[in-house]
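Enquirer: Sequence below, structure please.
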Amino acid sequence: MSHDHGTVTGKNKLVYMANQIAAFFETMPHDEAAAGVAKHINDFWDPRMRRQFFEIVEGGGAGLKPLVMDAVEKIKRPAPAEKPLGAA
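Expert: Now for the predicted structure:
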């Protein structure tokens, strides 16, 4: 039996990664776990990843564990992406 679950890409990969982080912290008390999820995302996800993460959250958070959603208020929202020169 293969353990290959296919390639997870784009926003689905961010959901997967956020849920993996939450799984690590789930054994802690809830408030501490939510703070741990937020700290990890703030410390290790670049602004582009956090922008995409907030797009997922603003779209309803489909697929995100409740612990991830509870951490959202502590996750730093990055500045909007700058448009390349000459972009409309």
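Enquirer: buried ones in stretch 61-78?
Expert: Of the residues in stretch 61-78, those buried by neighbour count under the rule 16 or more other Cβ atoms under 10 Å are Gly61, Leu64, Lys65, Leu67, Val68, Met69, Asp70, Ala71, Val72, Ile75, Pro78. Any C-beta I mention is one placed from the backbone N, CA and C, and that applies to glycine too.
Enquirer: ok, now how distant is Tyr16 from Thr9?
Expert: In this structure, Tyr16 and Thr9 are 10 Å apart, going by Cβ to Cβ, to the nearest Å.
Enquirer: now Glu26
Expert: As defined by Cβ to Cβ, Glu26 lies at a distance of 25 Å from Thr9.
Enquirer: Comparing those two, which residue is more hemmed in?
Expert: Looking at Glu26 and Thr9 with other Cβ atoms under 10 Å, you find the greater number of neighbours at Glu26, namely 13 against 9.
Enquirer: Spit out the contact partners of that one.
Expert: Ala33, Leu67 (Cβ atoms under 8 Å, 6 or more residues apart in numbering).
Enquirer: pLDDT score assigned to it?
Expert: Taken from the predicted model, the pLDDT recorded for Glu26 is 97.
Enquirer: what does the one 3 residues further on give?
Expert: Per-residue pLDDT puts Pro29 at 98.
Enquirer: begin at 791 from here
Expert: Got it, first residue is 791 now, which makes that one Pro819.
Enquirer: For it, grab the count of nearby residues.
Expert: Neighbour count of Pro819, defined by other Cβ under 10 Å: 9.
Enquirer: From Lys855, how far out is it?
Expert: With distances defined as Cβ to Cβ, the gap from Pro819 to Lys855 amounts to 16 Å.
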